[in-house]
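Engineer: pasting the sequence and the predicted model now:
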Amino acid sequence: MSSQEISEENLPAGQDTAHGAVKVADDPFADPGLPPHKPRIQDIDERAARRSERAVAFMFTLSMLATVGFIASYVIFPVDKIVYIWPFGRVSALNFALGLTLGAALFFIGAGAVHWARTLMSDVEVADERHPIEASPEVKAKVMADFAAGAAESGMGRRKLIRNTMFGALSLVPLSGIVLLRDMGPLPEKKLRTTLWAKGKQLINMNTHEPLRPEDVAVGSLTFAMPEGLSEHDHHFQTEIAKAALMIVRIQPEDIKDKRELEWSHDGIVAFSKICTHVGCPISLYEQQTHHVLCPCHQSTFDLSDGARVIFGPAGHALPQLRIGVNEKGFLEALGDFDEPVGPAFWERG
Amino acid sequence: MSTVTDTKKKAPAGERVADWADGRLGIYTLAKANMRKIFPDHWSFMLGEICLYSFIIIILTGVYLTLFFHPSMNEVEYAGPYVPLQGQLMSEAFNSTMHISFEVRGGLLIRQIHHWAALIFLAGMFVHMMRVFFTGAFRKPREINWLFGFLLFFLGMFTGFTGYSLPDDLLSGTGVRFMQGAILSVPVVGTYLSMFLFGGEFPGGDFVARFYSAHVLLLPGIMLGLMVAHLILVFVHKHTHFEGPGRTNKNVVGMPLLPVYMAKAGGFFFLVFGVIAIIAAIASINPIWALGPYRPDQVSTGAQPDWYMGFAEGLIRVMPGWEINLWGHTLVLGVFIPLVIFPAVLGAIAVYPFIESWITGDKREHHIAQRPRNAPTRTAFGVAWITAYMIMLVGGGNDLWATHFHLSINSITWFVRIFFFAGPVIAFIVTKRICLGLQRRDKDKVLHGRESGIIKRLPHGEFVEVHEPLSQGELHRLTAHEQYAPAELPPAVDENGVERKIGRMEKLRVKLNKGYYGEDNQIAKPTVEEYKEIQSGHGHH
């Protein structure tokens, strides 16, 4: 951008030559200057001014009353009282009263002040001069000379050894701060690749907390399950369920289009990760007829009858399937962990 | 040393306090320059005030909320008065937010004021930024202040996000999960960033405490500094004003700080606070008791972030799910591209002042707020930008559009995908035409006068409409704006016959400059000659 020589004639004519005091003769567009002040009714009629004064004082008084009302509401209304107020419906009486009184107390201070300013304070427009932001050449010359003197006295330019080691020290010292951040969290390692599911773990119904039998899973229903041994009271429950959450549906085996899905199912019961492969929302909407599931966050849609492949939306890959079977007691069990990471994709996923 | 002659006539108490302060703080010198400082009046100059005041309201109410909020993710069983949640496991963060909402008297009101003020703060900054953009008030010397303002908007979004995530409710937790999923998509370091931010795997037990320190200290601390700097610069630069009789680039016309502006602006603080308090009294916001505590395996339908995150939400919703798997690694373009576009689109508006000043090559100070029509290309660019932003807001709410208007979510998504690109182009062209049309109308008004609506029949039967001439002030106002002549490349050969080297950047600059100021890109304003010719021609309409 060195060639930015702007010829003067491309810039509009000097901005202010035509303005203000010097009226260019015969120029119909010349600046006539500030229009004369138009007096308000309050400027000429003292009674109108008194009316304005009373209006302002009235508003300030209303504000005082509202503050009294606020304190009274605070004392009078119990915190759990619910009342019906048209058109807002059933609302907390205390919240409603406190909000309106506080609002009124504040609003009338503002309305009074603005009314005061608009009707009684002078509304004569005044012009102030602007001054250029940049310094005059003399000031700049002085600053440059001062800086040169200071720089010379420091010897920065002459004693390069000092300068270079100082820069070195200053650039290294923030490293300590960065190193200290290391313990904010563990390294990823294989954490995102595994879940609590393992061979032989029974599928526990999320609602009843009972192990699921195949006959519990009806066609057209969507069942959520977690691995056996996990309890909501566990310290790591949230983190574990964020990966292990499972959804189970029953599809007529002849309707299952994907060969591997059929292999990994049990009697038409298929189990997929509930965690969306887009950014990790739990999928919760199931369309019985088509066996499509939809993530309510970003509308990624998966076809559970076809390997849970993505049929619409921003998800990038199919939902991982959990291989299931039935144990000797007749309960559904996992035949291993998911064979790929659940949830959103990441760099090391591969 | 003061004399001791007038010890009997003591100065009034206020003056003595001021003297005391002046001796230590130099307040008289400060007041001399500022007490009667002139502020111009225009409704749009109020938008920035809304931002400042809602920020103050947020800080006041936020401090109150910290008295009761526990930023902890320890699981507790709810034993408060709200029956539907009794016995349910929840984090202490959620539990204490329930306590604020149901047991602290006025706690719900303050919570709702805090949240409403945050929405208004962000909306105010957005509209204020648009006002500055469309009036060209970002031009020299105000580019730095424009950046300060932009940073405030950008940080404000994250302060809002970290804030509404604190109650650890089902809705906000879903938003945090979305953020974590987006972080995971970052190539190479994504998993590391996520592990460090959350202290391990999502959700872990740390993020509420970490968001808390960012939300109440780090981010608002930076924002407070930026806001003070922003205001200092407003004082140093003095406010812009629109052109009109008596208003020039070298003066500022308006009312003095003391008393008018102080009463109006100070009063306006109370008006904003009062209105927000009334909204908080009658309109519920973020009813966490209805949402329930966060569980990573649960979600509600119709999940929406606060409005200012809707743009990011839209990007992530409509982006096709591209994933590239190569050499054992995954490039999650479907999430990573939105993550890059988000700051890029916002950044485009942030750097615009520097691009425009490069294109115009104008290095002078500008204190006149332009009318948007008089800068058609800039206005068109701004409207195109807003269009892209709004289209993505539609994308962010595609499920609500679908359910409320009975539309197919697939067609809405495709509409957004196409019109994120086509919409801004159409908006650019349409806006530019409208601006040029308005410029022509102004010109017409100057040359022919205002349409009076009175029809006159001439003696020979012709009907004409009577046009009233404009006042000189109005004539001046409509012709005072400056117009650039389009830039030209210097001749290829200089006066000595030597070939001139013209850089590629300069060629681009001249091309863009012609797009701004060339033929058909602005309407030449009426000249005095044109005016006189038309005014002297009788019977000529």
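Structural biologist: All right, it came through fine.

Engineer: tell me the centre residue of chain A?
Structural biologist: Centroid-nearest residue in chain A: residue A:297, 14.7 Å away (criterion: C-alpha atoms, centre = their mean).

Engineer: in three-state terms, label that one for me.
Structural biologist: Using DSSP: H, G, I helix; E, B strand; the rest coil, the structure places residue A:297 in coil.

Engineer: show me the contacts for the residue nearest to it when sequence neighbours are not counted.
Structural biologist: Nearest non-adjacent residue to residue A:297, counting by C-beta to C-beta, 6 or more residues apart in numbering or on different chains: residue A:281, 3.7 Å away. Just so you know, the C-beta spots here come from the backbone N, C-alpha and C atoms, and that holds for glycine as well. Residue A:281 makes contact with A:275, A:295-298, B:174, B:177-178, B:299, B:303, according to C-beta atoms under 8 Å, 6 or more residues apart in numbering or on different chains.

Engineer: can you redo the residues you listed as CSV with pLDDT?
Structural biologist: Converted to CSV, the contacts of residue A:281 look like this (pLDDT from 0 to 100):
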residue, pLDDT
A:275, 93
A:295, 90
A:296, 88
A:297, 89
A:298, 89
B:174, 92
B:177, 94
B:178, 93
B:299, 87
B:303, 82
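
Engineer: in CSV: these, plus distance to residue B:353.
Structural biologist: Converted to CSV, the contacts of residue A:281 look like this (distance: C-beta to C-beta, whole Å):
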residue, distance to residue B:353
A:275, 44
A:295, 41
A:296, 41
A:297, 37
A:298, 35
B:174, 37
B:177, 37
B:178, 32
B:299, 42
B:303, 37
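
Engineer: from those residues, which single one is nearest residue B:447?
Structural biologist: Closest approach to residue B:447 among those (C-beta to C-beta): residue A:298, at 55.9 Å.

Engineer: residues near the closest one, how many?
Structural biologist: By other C-beta atoms under 10 Å in any protein chain shown, 29 other residues sit near residue A:298.

Engineer: which stretches of the stretch 1-150 of chain A form helices?
Structural biologist: Secondary structure of the stretch 1-150 of chain A (DSSP state H, counting those that start in this stretch): helices at A:41-44, A:46-76, A:93-119, A:137-154.

Engineer: now swap in the stretch 51-200 of chain B and tell me
Structural biologist: B:92-102, B:107-134, B:143-165, B:170-184, B:190-198.

Engineer: could I have the third one exported to CSV, CA atoms only?
Structural biologist: Extracted in CSV, the C-alpha atoms of helix B:143-165 (Å, rounded to 0.1, in the frame of the first residue of the first chain):
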residue,chain,number,x,y,z
GLU,B,143,-11.5,3.8,14.0
ILE,B,144,-9.9,2.6,17.3
ASN,B,145,-13.1,3.4,19.1
TRP,B,146,-15.0,1.4,16.6
LEU,B,147,-12.7,-1.6,17.4
PHE,B,148,-13.2,-1.0,21.1
GLY,B,149,-17.0,-1.2,20.5
PHE,B,150,-16.7,-4.3,18.4
LEU,B,151,-14.6,-6.0,21.1
LEU,B,152,-17.3,-5.1,23.6
PHE,B,153,-19.9,-6.7,21.4
PHE,B,154,-17.7,-9.8,20.8
LEU,B,155,-16.8,-10.2,24.5
GLY,B,156,-20.4,-9.4,25.5
MET,B,157,-21.5,-12.5,23.6
PHE,B,158,-19.2,-14.7,25.5
THR,B,159,-20.0,-13.1,28.8
GLY,B,160,-23.6,-13.7,28.1
PHE,B,161,-22.9,-17.3,27.1
THR,B,162,-20.8,-18.1,30.2
GLY,B,163,-23.5,-16.4,32.3
TYR,B,164,-26.5,-18.3,31.1
SER,B,165,-24.6,-21.5,31.4
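
Engineer: now do that helix against helix B:107-134, angle only.
Structural biologist: Interaxial angle, helix B:143-165 versus helix B:107-134 (axes from the mean of the first three to the mean of the last three C-alpha atoms, to 10 degrees): 150 degrees.

Engineer: got the angle between helix B:143-165 and helix B:170-184?
Structural biologist: 120 degrees.

Engineer: so which elements touch helix B:143-165?
Structural biologist: On a contact count with 3 or more C-beta pairs under 8 Å, 6 or more residues apart in numbering or on different chains; DSSP states H and E, helix B:143-165 meets helix B:107-134, helix B:170-184, helix B:207-213, helix B:219-237, helix B:333-360.

Engineer: return the set of buried residues in it.
Structural biologist: Neighbour-count burial for helix B:143-165 flags B:143, B:145-153, B:155-165 (criterion: 16 or more other C-beta atoms under 10 Å in any protein chain shown).

Engineer: show me the domain layout of the chain.
Structural biologist: Looking at chain A here, since you left the chain open. A:41-119, A:137-176, A:194-334 (automatic domain parsing).

Engineer: should've been chain B
Structural biologist: B:1-37, B:44-249+B:265-295, B:438-536.

Engineer: excluding its backbone neighbours, what's nearest residue B:281?
Structural biologist: Excluding the flanking residues, the one nearest residue B:281 by C-beta to C-beta, 6+ apart is residue A:99, at 2.2 Å.

Engineer: which element is the residue of chain B found nearest chain A on?
Structural biologist: Residue nearest to chain A within chain B: residue B:281 (2.2 Å; C-beta to the nearest C-beta). Using DSSP states H and E, residue B:281 maps to helix B:262-282.

Engineer: contacts for that helix?
Structural biologist: Contacts to helix B:262-282, defined as C-beta under 8 Å, 6+ apart, come from residues A:88, A:91, A:95-100, A:102-114, A:116-118, A:121, B:39, B:46, B:49-50, B:53-54, B:56-57, B:109, B:112-113, B:116-117, B:120, B:255.

Engineer: quick one: the helix or strand following it to chain centroid distance?
Structural biologist: Moving toward the C-terminus from helix B:262-282, the first helix or strand encountered (DSSP H and E) is helix B:288-291. Averaging C-alpha positions (C-alpha atoms, centre = their mean, to the nearest Å) puts helix B:288-291 30 Å from its chain's average.

Engineer: quick one on the thing from earlier: just the helices and strands packed on helix B:143-165: most buried one?
Structural biologist: Neighbour counts (mean count of other C-beta atoms under 10 Å in any protein chain shown) averaged over each of the helices and strands packed on helix B:143-165 peak at helix B:170-184, with a mean of 24.

Engineer: wondering if that helix reaches chain A at all.
Structural biologist: Yes - Helix B:170-184 lies within reach of chain A by C-beta under 8 Å from any C-beta of the partner chain, at B:174, B:177-178, B:180-182, B:184.

Engineer: what residue ranges in chain B score low on pLDDT?
Structural biologist: For chain B, the stretches with pLDDT under 70 are B:1-8, B:537-541.

Engineer: longest helix anywhere in it?
Structural biologist: Counting by DSSP state H, the longest helix found in chain B is helix B:409-448.

Engineer: now do the same contact list for residue B:111.
Structural biologist: B:61, B:65, B:97, B:100-101, B:286.

Engineer: now that we have these, which of them are buried?
Structural biologist: In these, burial by neighbour count holds for B:61, B:65, B:97, B:100-101, B:286, counting by 16+ other C-beta under 10 Å.

Engineer: what parts of the stretch 251-350 of chain A come near chain B?
Structural biologist: Residues of the stretch 251-350 of chain A lying near chain B (C-beta under 8 Å from any C-beta): A:274-275, A:278-282, A:284-285, A:296-300, A:310, A:312-317, A:343-350.

Engineer: which of these are buried?
Structural biologist: Here, 16+ other C-beta under 10 Å leaves A:274-275, A:278-282, A:284, A:296-300, A:310, A:312-317, A:343-349 buried among those.

Engineer: in strands only, show me those.
Structural biologist: The members of these that map onto strands under DSSP state E are A:310, A:312.

Engineer: hmm, whichever strand in chain B runs longest touching chain A?
Structural biologist: Longest strand in chain B, counting residues (DSSP E): strand B:450-457. No - legend: contact between strand B:450-457 and chain A by C-beta under 8 Å from any C-beta is lacking; minimum distance shown is 14.9 Å.

Engineer: no more questions from me, cheers.
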